[in-house]
Every structure is written in C-alpha cells, then in structure tokens.
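Asker: Build me a model from this:
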Amino acid sequence: MFIGCRKWHNLIVEIKQLESTTGFVIYDLPEAETYVGPSRLGAKLAPGNAEMLVRHQTYIFALAEQRKSGATIGLKVDPDDTDSAVGALSEELRTEFESQKLLTSPGLRLNKESLDPVLRHDKRNPIVRDNRDGVTFEDELLSLGAVTCASVLAKPAESWDVAIEGFNQASIAIAREVENQGGSVKRISTPKGCVTGNFDSVSLADTWLDAGPSCVEQLGTVGKAWEIWKSDMDAIFVGSKPGAMSGDGARGVQDTPIIATSAAAVSSKALAILRKNNTPVAADFLTGIGPALAWWTPEETSQDELRSSTSKLVTELLEETSNHSDGHFMAACYKAEAFIDSWQEQRPFGRPLG
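Answerer: Okay, here's the model as predicted:
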C-alpha cells in the first residue's frame with residue numbers, strides 16, 4: 001500500500017510504510033520493471049538518509065541501459081527483533097519478491113542468513129554469490145570495474161601505487177585486482193587510522209580477517225585517518241560511506257585520480273573542488289556496473305565471460321567520457337540521465353553524491 005511520498009522537484013519518489021513491521025520501502029523511478037537495492041536494519045533509520053543509496057543503483061542501471069530502478073528497504077527495529085521483522089517483511093511483500101519486482105540484498109546489520117526468508121525468492125544468477133577465496137564474485141566484479149577505472153585514469157607506464165580508504169572485506173578484492181593489473185597497495189585506512197607500507201593482497205586479507213578495522217595496527221605505524229588523502233599515490237579508492245571524500249580530502253589529493261567504490265562516496269562539495277582542480281573522478285555508479293551486468297545473465301555464463309564484459313563496458317564508458325569539459329563524473333551523469341530521459345517523463349532530481 002502506498003502510504004507516503006517525497007517530492008523531489010517534479011518527481012514523486014514512492015515511500016511505502018510497512019504495515020506488518022516498523023519500516024519502509026523506497027522506490028525510485030515510476031513504473032520500472034524491477035527495483036533493486038539493499039535492506040538495512042536499525043531503529044533510527046530514516047528514509048531521507050537512504051535516498052542516495054537508491055539513486056546510486058538507478059544510475060548504475062541507466063549506464064547499463066536497463067529499464068530498472070534503485071530501491072531500498074529499511075527495517076526500523078532493534079537487532080534483537082531481526083527475525084520477526086524479516087519474517088513479517090517477507091509475508092507482506094511476498095508478491096513483489098516472488099514476481100521479481102523487488103529484489104534486495106543484505107545491508108546494514110543484516111546478512112544472508114538473517115535475510116533468507118526474502119532472498120529465497122531471488123532468481124538472479126547465483127554466480128554472483130560464489131565464494132572467491134573469501135569474497136563474493138559480486139565484490140570481484142565491482143573491484144574489477146574500480147581497478148579498470150584506476151588503471152585507465154592513472155595511465156601507469158609500468159608499476160603503480162594505490163591507496164584504499166575505508167579498507168574492509170570487499171577491499172580484499174580490490175587489492176587482488178590491483179595486483180592483477182600490475183599495481184601495488186601502499187596505503188590503507190580504517191576507522192582506526194591510516195598505515196603506509198608495501199602490502200600484498202594475501203597479507204591484507206589475512207590481517208583483515210584476523211583483526212577487522214584494527215588491522216592497521218598490525219601492518220605498521222598508525223597515523224591519522226586523513227593521511228589517506230596524501231597525493232603521493234597514482235590512485236585512491238574511496239568507499240567507506242556516503243560522503244567519505246569530503247571537501248578537506250579533495251583539497252589534499254590534488255590531481256590524484258579518485259575512484260569511488262560505494263554509493264555516493266564523493267560529496268558534492270568535494271566534487272566541485274576536484275572539478276576545479278581537474279582531478280579525474282570515476283563515479284561510483286560506473287565502477288559498480290559489473291554486478292548489474294551479471295544478475296540476469298544465463299546461468300551457463302562463465303565468470304571469465306562476466307569479467308570480460310565488465311572490463312569491456314567500463315573501458316568503453318571511460319573512453320566515451322574522457323574528453324568532456326565537465327570531467328568523467330559529470331559526463332557519466334549526463335549519459336545516465338540521457339537514458340533515463342528516454343523512458344521516464346521526468347528526470348529524478350539529485351545525483352548520487354554524499
């Protein structure tokens with residue numbers, strides 16, 4: 001049942017209040033054939049704070065020229081009530097889940113097991129959930145898109161060095177792909193601080209699995225988290241949270257290419273500064289296009305084929321946007337919006353920026 005909405009200029013974004021449990025669902029573009037996005041859990045979740053999660057996925061689909069839309073589910077309950085809330089959600093929206101109209105994945109405070117009553121209806125290609133030595137194939141595809149962007153924008157002659165802001169489980173895949181493409185991880189940061197050294201992907205994976213965010217304490221002398229923005233790298237991956245790349249960070253990186261790896265990782269203020277400095281910025285909705293290419297492929301499609309199609313499309317999109325006077329990020333926005341205009345009466349207001 002439609003309960004409320006938020007008006008963004010001329011666009012009505014549907015916000016459905018759940019009746020069987022405390023929570024909401026946000027649907028971005030009207031009359032999309034499919035809505036996709038994460039489910040999150042927390043008593044203080046607010047629809048307004050999830051808008052960019054939704055818009056990020058909408059722009060991914062637009063770059064991939066798919067008439068689909070972003071969405072998100074928010075369960076506003078305490079973690080102790082997870083099972084009952086997910087059970088209620090699965091029953092209330094059963095028709096949408098079974099018809100594949102609404103597809104979701106574990107987000108904040110949820111995992112595959114806790115969300116199973118909903119996920120069991122999901123008929124997307126299960127290859128994306130394959131375990132690739134500690135990370136999912138979906139994370140591998142995302143990292144492939146991100147590192148392909150970094151390699152193109154950094155234009156390395158031989159070896160090249162990168163930093164990873166907000167190192168986490170998914171960053172293990174980024175570190176591996178950097179090595180695959182001839183680069184080295186020289187700096188990482190977590191909420192515990194920043195550390196510089198010469199890190200191979202195996203050591204980073206082992207240390208992260210052992211200590212989580214405290215892994216920096218095992219890797220070297222820990223400095224301040226802001227040191228991740230030093231400009232002595234060939235590229236910096238940014239993805240800890242929306243707005244992780246702030247104005248202050250943007251001033252520090254100078255012309256070092258910025259590779260956004262999660263929803264709205266670059267703030268609007270940061271983007272303005274980066275554009276002024278002619279700093280290359282790979283949009284989060286470009287680096288993350290790989291999973292969207294894989295979700296609806298035939299199950300016989302191989303991982304190598306999906307890697308190839310991801311790398312090919314990301315490279316083509318980067319080449320198409322390389323000479324735009326407004327920079328890579330805005331050029332990617334314009335391309336996504338042109339596709340949205342081709343099948344929506346009104347364009348959504350608000351780009352995926354933190």
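Asker: what about the closest residue to residue 273 other than its chain neighbours, distance to residue 256?
Answerer: Nearest residue to residue 273, sequence neighbours excluded (C-beta to C-beta, 6 or more residues apart in numbering): residue 250, at 4.0 Å. Glycine gets a C-beta too; all of them are placed from N, C-alpha and C. Using C-beta to C-beta, to the nearest Å, we find residue 250 at a distance of 10 Å from residue 256.
Asker: residues shared between the contacts of those two?
Answerer: residue 279 (C-beta atoms under 8 Å, 6 or more residues apart in numbering).
Asker: Run the chain-centre distance for the helix or strand hosting the residue nearest to residue 273.
Answerer: Per DSSP states H and E, residue 250 falls inside helix 247-253. The chain centre lies 21 Å from the centre of helix 247-253; the measure is C-alpha atoms, centre = their mean, to the nearest Å.
Asker: Name the residues that touch that helix?
Answerer: So helix 247-253 is contacted by 226, 228-231, 236, 258, 267, 269-271, 273-274, 277, 279 (C-beta under 8 Å, 6+ apart).
Asker: So which of the residues you listed are in helices?
Answerer: Counting by DSSP state H, the part of the contacts of helix 247-253 found in helices is 269-271, 273-274.
Asker: Would you mind giving those residues as CSV with neighbour count and pLDDT added?
Answerer: Shown next, in CSV, are these (neighbours: other C-beta atoms under 10 Å; pLDDT from 0 to 100):
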residue, neighbour count, pLDDT
269, 16, 97
270, 26, 98
271, 24, 98
273, 18, 98
274, 26, 97
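Asker: Show me which pair in these is furthest apart.
Answerer: 269 and 274 (9.7 Å; C-beta to C-beta).
Asker: For residue 193, which non-adjacent residue is spatially closest?
Answerer: Nearest one to residue 193, counting by C-beta to C-beta, 6+ apart, is residue 222 at 4.0 Å.
Asker: show me the contacts for that neighbour.
Answerer: Counting by C-beta under 8 Å, 6+ apart, residue 222 makes contact with 192-195, 216.
Asker: same question, residue 128
Answerer: Taking C-beta under 8 Å, 6+ apart as the test, what residue 128 contacts is 136-138, 141, 291, 294-295.
Asker: For the closest residue to it other than its chain neighbours, list the residues it contacts.
Answerer: In space, residue 128 comes closest to residue 138 once its chain neighbours are excluded; the distance is 4.0 Å by C-beta to C-beta, 6+ apart. By C-beta under 8 Å, 6+ apart, the contact list for residue 138 reads 128-129, 290-291, 294.
Asker: follow-up on the earlier one: keep only those of the contacts of residue 222 that are in helices.
Answerer: Per DSSP H, these map to helices at residue 216.
Asker: possible to save the contacts of residue 222 as TSV with neighbour count, pLDDT and distance to residue 108?
Answerer: As requested, the contacts of residue 222 are exported to TSV (neighbours: other C-beta atoms under 10 Å; pLDDT from 0 to 100; distance: C-beta to C-beta, whole Å):
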residue	neighbour count	pLDDT	distance to residue 108
192	16	97	20
193	19	98	23
194	23	98	24
195	23	98	26
216	25	98	23
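Asker: quick one: which of the contacts of residue 222 is nearest to residue 106?
Answerer: Nearest to residue 106 among those, with distances taken as C-beta to C-beta, is residue 192, at 24.0 Å.
Asker: That closest one reaches residue 213, doesn't it?
Answerer: Yes - using C-beta atoms under 8 Å, residue 192 is in contact with residue 213, at 5.0 Å.
Asker: Where do the strands of this structure begin and end?
Answerer: In the chain, the segments counted as strands under DSSP state E are 4-8, 11-17, 23-27, 35-41, 69-75, 102-106, 131-132, 135-136, 160-164, 183-190, 193-199, 235-238, 258-260, 281-282.
Asker: between those strands, which gets nearest to residue 341?
Answerer: Going by C-beta to C-beta, the one of the strands of the chain nearest residue 341 is strand 11-17, 12.2 Å.
Asker: Partner strands of that closest one, with direction?
Answerer: Neighbouring strands of strand 11-17 in its sheet, by DSSP bridges, are strand 4-8 (antiparallel), strand 23-27 (antiparallel).
Asker: which one of those has the lowest average pLDDT?
Answerer: With a mean of 41, strand 4-8 has the lowest mean pLDDT of the strands paired with strand 11-17.
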